[in-house]
Each structure stands twice: as structure tokens, then as C-alpha cells.
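Colleague: Let me see the structure of the following:
(2 chains)
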Amino acid sequence: MDSPAFQPIQGMSDLAAPEIFLWQRLEAAAREVMRLWAFTEVRTPALEYTHLFTRSLGDTTDVVQKEMYTFEDRGGRSLTLRPEGTAGVIRHVSGLGAEGEGARLYYIGPMFRSERPQAGRKRQFHQLGVEAFGAPNPAADAEVIALQLQLFAAWGLQGYTLDLNTRGVPEDRAAVTHGLQEAARPHLGALCEDCRRRFETNSLRLLDCKKESCQQLVAGLPPTTQFMGEASRKYLDDVLRLLGQLGINAKVNPRLVRGLDYYVHTVWEIRHGALGAQDALAGGGRYQVALGDKTFQGVGFAIGLERAIMAVQKDNPPLAAAAPQTVAWLVALGDAAREANLQLAKQLRCAGLACGMELGARSMKAQMRAANKSGARWVIIRGENELTAGTAALKNLADGAQQDVPLAELAARLKA
RNA sequence: GUGGAUGUAGCUCAGUUUGGCAGAGCACCAGGUUGUGGCCCUGGCUGUCGCGGGUUCAAAUCCCGUCAUCCACCCCA
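Modeller: Just a heads-up that it's a prediction; the model follows:
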């Protein structure tokens, strides 16, 4: 293989044909859904000042502590390749002033996390995300969740599950932590090593330990909503009620935990069976982020596109297999015909017909083979005879039928 | 960051146990047909055996290191 210097960086890879066709199709379908739901695209820089992420994500989170690509620029300022999209969008909205209130934005682009790669996990990966700004309002949460499910419908996804939970309001947090710790304390000895550490550092994390022994203990703990105020419980109930009116049957998973500090109220996660151990296809939630002297509130989600691609390949194979095709392939015999075909191909392309042709002087057999491989429906053959007559031999590759067609009629015949 | 598996032609992989000429299928190219694809037949091209070092008369094969990929942990999308 190549020497190391010419390999991509670990966990980063090229996206090319044929998978790129599926990427393009998913993105095109998503943009159309976004238009219908009245969200507009924003493209923020991949590189931001480090403190944007430490401040918004919370500097005790794993993402900030262990996974960021951080380095200094020539002026000694600390920069970070964005590990997620929300912080940059909030920074963007913060610059809009009053115009940014109620902004409805989406983004598609690469994110960077320095984790050990595995199935469904790259160091450069891609997310499609949505952010709807505004004060907490269950209708906004329900609308954004409905939008997300609409995207999955547009992609033909079926094999996913939606889990919903609430983080409550920031004022609930101390009570939740305290309540969980008191409830778990009698079982400390039976918990796994990781969970005994989590008990101190991040007790919410006890809830989603993968070990079965821990899960059984956790199942006996009271739901976190029990430690929250009445307003937080009502907010969750309202979101569920509105989702029901939209025909969405969400189930509350009291053990669902989201990793980032900025979440308040509704959080949710979508998992898919085709994804291996990293089965989270998407995550979302309502957030509250203080930037400067202003607090930004909104609700949004992010979909992992590499994982969405895997899921579509499983749930919707026809969409995953489809490739763009040329309409016609031009075959030339002799230099004069080849030059004439270059002009003809330009005319047909300007008329909206996708054409391919061989630019070198290859045998007719080789050109026909290339035509066949291209998947074109038609072959346009021209040699001395056709040049003199002002015609082209038009052959249908499916049934082999062939006839001479005047050049003036060619485009119309190809469109038929 | 931790653990396991794997790296041989463009692709999928044999060959490694027991050191002895670098292999197959697919793909690609050409011919079989002086202007006709697919199917078929014939022929042909393709290699830093991931990289670096060591052992040996001799290394794809054994040893050490390193890089990468895959899978899992952790964590997340």
C-alpha cells in the first residue's frame, strides 16, 4: 500500500463513488424537507476558538476533556475543530441580535472527534443538524421531533426506535443528583467499577450503564422525574401530548441520558438496529447556553450521516444502489468523427442530456464496451458515412435496434 | 485512552501451521468480427507480500518495533 505519509489520517477517509451517490441523494431529500418545514441552511466554520466549545458543552464532558482536536494558531490562540454543530450555530445567532430570535436553521457538515474508530465511528464524521431558537415551548420540541421523523421517512428508514426523556430545568439538577445518589448508595457495592466512579463524577450516567448487573439495579431506582419540579413533569407531558396529536408514539425511557451539559427539558435519542455497538443514529434535545452576557435557548437534533447511510443501506436497498446514469454514449470512427462528436456532445449536454464519450482513438469494440459499462440507454455512432450524410446511427442498447437519424432530430429522439 | 483480530495484484482472498521460484477468481487491456456492446473462447498486464529492523545460506512465512484497518470497551451521532 501507500507509504504512511500518503494515507489519510486515522479515522478519516475519502467519500467517493459509488457511496457518494447515496450521500448526495440523502442530502437532496433532506434539503427539500427543510424547505417544507421552513428551516434555512447555515454553514459555519469547521474551526472555532476552543472556549466556544468548553463554555457551551461543559468542560467536564468527555467530548471536551478527551475528544477534541485542539491546537494553537500562530498567534498562540487555542483553536478547536468543531466536535459538534450546535455551538457554532449559537455563535452565529448571537451575532444576529434581535434578528436571531426565533431563528430556524440547519447545517450539514463534517465534525471532528479524536476517538478510537470503530463501526459507525470516524474521527471526521458528518452530521445533519437542526436548531430552532426560542424560549422553552413544548410545541417547538414536538415540531422538531416531527421534522426529524419526516427526514427518516423521506430516506425510507423504518428500523429505528425513538426514546424520550427530560433533563428538567437547571434548578432541578442538584435535586436529581442528590436523589439519585441517595437511592443508589445502598447498592454501591454491587455496581461495576465504572459505575462506582460515575456515582461521584456524573451520577446520571449510572442510568445507562451497559452491564446487565448494573441495569437490573438501576431498574429499581426511582425515575429522575420524581426529583424534579412539577413544571418539568408538565413540560414533558405536554410534549408527549402534542407528539400524539402529530401521530407520533414516543415512549419515555427514564434511563436515557445525554452527554452534553447544555440540555434542559426534552432530550431524545434514536437508535437503529443496523448500526452495531454504536447504535445511536441521532440525538436531540432542548438546550440553554450562556454566551457572553446572553443566554440562548433552543431545541435541535443532530443525525450522524455515516450511520444514516448504514441504516438506509439496510432499510432501503434500492435507494442505496441507485447510481446516476448517462443517456447516451458517443462512438466515433476516425479523427474527423471524434472531433465532430465533441461538438455534438456539447450540444446534447446543453440540451439537458447527459452524454459520455471516448476522447482517445480507441477501437469501436472498446468504445462500445465503454458505452455498455456506462449504463447509457443509447449509443450514437458516427463515422465517415454519417458525417457525409449529416446523420447519426442511433442504437438502443437494451434491444440492439439501430437506425439512422438526422442530426436535427437527435435530441428529440433521445428525450422520447 | 484500553483490549482482540487483520494487513499479499485495482477488488475479494489462498499461500504463513512445517522458511525454499509470488498465486487464484473477479476487474482491466487486446484479439476472435477492416463499422457494433452484453454471453462465450484465446491471450496479456498488474506486486515495496503495509512499513522499518532482526534471525537465517534463504523470510509473505519466524522475532521485535511501527503504521493502518476492522471489532469491542469507553463515549457518542
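Colleague: and stretch A:289-307, how far out from the chain's middle?
Modeller: Taking CA atoms, centre = their mean, to the nearest Å, one finds stretch A:289-307 lying 15 Å from the centre of the chain it belongs to.
Colleague: Can you show me the helices along the stretch 251-400 of chain A?
Modeller: A:305-315, A:317-321, A:335-350, A:364-374, A:384-389 (DSSP state H, counting those that start in this stretch).
Colleague: weakest of these by average pLDDT?
Modeller: The stretch with the lowest mean pLDDT among those is helix A:317-321, at a mean of 87.
Colleague: what does that one contact?
Modeller: A:22, A:25, A:155, A:156, A:309, A:312, A:313 (CB atoms under 8 Å, 6 or more residues apart in numbering). Where you see a C-beta, it was placed from the backbone N, CA and C, and this is true even at glycine.
Colleague: ok, the fifth one - how many residues close by?
Modeller: It stands for residue A:309. Neighbours of residue A:309 under the rule other CB atoms under 10 Å: 19.
Colleague: Distance check, the closest residue to it other than its chain neighbours against residue A:87.
Modeller: Nearest residue to residue A:309 in three dimensions, chain neighbours excluded: residue A:22, at 5.9 Å (CB to CB, 6 or more residues apart in numbering). For residue A:22, the distance to residue A:87 equals 29 Å [CB to CB, to the nearest Å].
Colleague: Give me the more crowded residue out of the two.
Modeller: Each of residue A:22 and residue A:87 has its neighbours counted (other CB under 10 Å); residue A:87 has more, 24 against 21.
Colleague: Can you tell me the SS state at that one?
Modeller: helix (DSSP: H, G, I helix; E, B strand; the rest coil).
Colleague: want to try JSON lines for the helices of the stretch 251-400 of chain A, with distance to residue A:260 as columns?
Modeller: Listed next are these as JSON lines, based on distance: least, CB to CB, whole Å:
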{"stretch": "helix A:305-315", "distance to residue A:260": "18"}
{"stretch": "helix A:317-321", "distance to residue A:260": "31"}
{"stretch": "helix A:335-350", "distance to residue A:260": "48"}
{"stretch": "helix A:364-374", "distance to residue A:260": "47"}
{"stretch": "helix A:384-389", "distance to residue A:260": "66"}
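Colleague: And what about residue A:141, helix, strand or coil?
Modeller: helix.
Colleague: OK, contacts around it?
Modeller: Listed by CB under 8 Å, 6+ apart, the contact partners of residue A:141 are A:239, A:242, A:265, A:266, A:286, A:299.
Colleague: thought the fifth one was touching residue A:267?
Modeller: Yes - between residue A:286 and residue A:267 there is a contact under CB atoms under 8 Å: 7.4 Å.
Colleague: quick revisit: now which of the contacts of residue A:141 would you call buried?
Modeller: A:239, A:242, A:265, A:266, A:286, A:299 (16 or more other CB atoms under 10 Å).
Colleague: Reformat those as TSV; add distance to RNA strand B and pLDDT.
Modeller: As requested, the buried ones among the contacts of residue A:141 are exported to TSV (distance: CB to the nearest atom of the strand, whole Å; pLDDT from 0 to 100):
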residue	distance to RNA strand B	pLDDT
A:239	19	97
A:242	22	97
A:265	16	96
A:266	14	96
A:286	13	97
A:299	14	98
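Colleague: Which ones among these map onto strands?
Modeller: Here DSSP state E is the test, and the buried ones among the contacts of residue A:141 give A:265, A:266, A:286, A:299 as lying in strands.
Colleague: just how off-centre is whichever helix or strand residue A:234 is part of within its chain?
Modeller: Take DSSP states H and E as the rule and residue A:234 turns out to sit in helix A:230-245. Here helix A:230-245 is found 27 Å from its chain centre; the criterion is CA atoms, centre = their mean.
Colleague: Show me what it is in contact with.
Modeller: Contacts to helix A:230-245, defined as CB under 8 Å, 6+ apart, come from residues A:136, A:138-139, A:141-142, A:145-146, A:164-166, A:168-169, A:172, A:225, A:249-250, A:252, A:265-266.
Colleague: Flag every buried residue along that helix.
Modeller: For helix A:230-245, the neighbour count (16+ other CB under 10 Å) marks A:232, A:233, A:235, A:236, A:238, A:239, A:240, A:242, A:243 as buried.
Colleague: what about residue A:92, how many neighbours?
Modeller: 18.
Colleague: In chain A, what residue lies closest to RNA strand B?
Modeller: residue A:259 (1.7 Å; CB to the nearest atom of the strand).
Colleague: how close does that residue sit to residue A:372?
Modeller: Counting by CB to CB, the gap from residue A:259 to residue A:372 is 51 Å.
Colleague: who has more neighbours, these two?
Modeller: More crowded of residue A:259 and residue A:372, by other CB under 10 Å: residue A:259, with 17 against 12.
Colleague: State the number of residues packed around the closest residue to that one other than its chain neighbours.
Modeller: Beyond its immediate neighbours in the sequence, the residue positioned closest to residue A:259 (CB to CB, 6+ apart) is residue A:61, lying 6.0 Å away. Neighbourhood size, residue A:61 [other CB under 10 Å]: 18.
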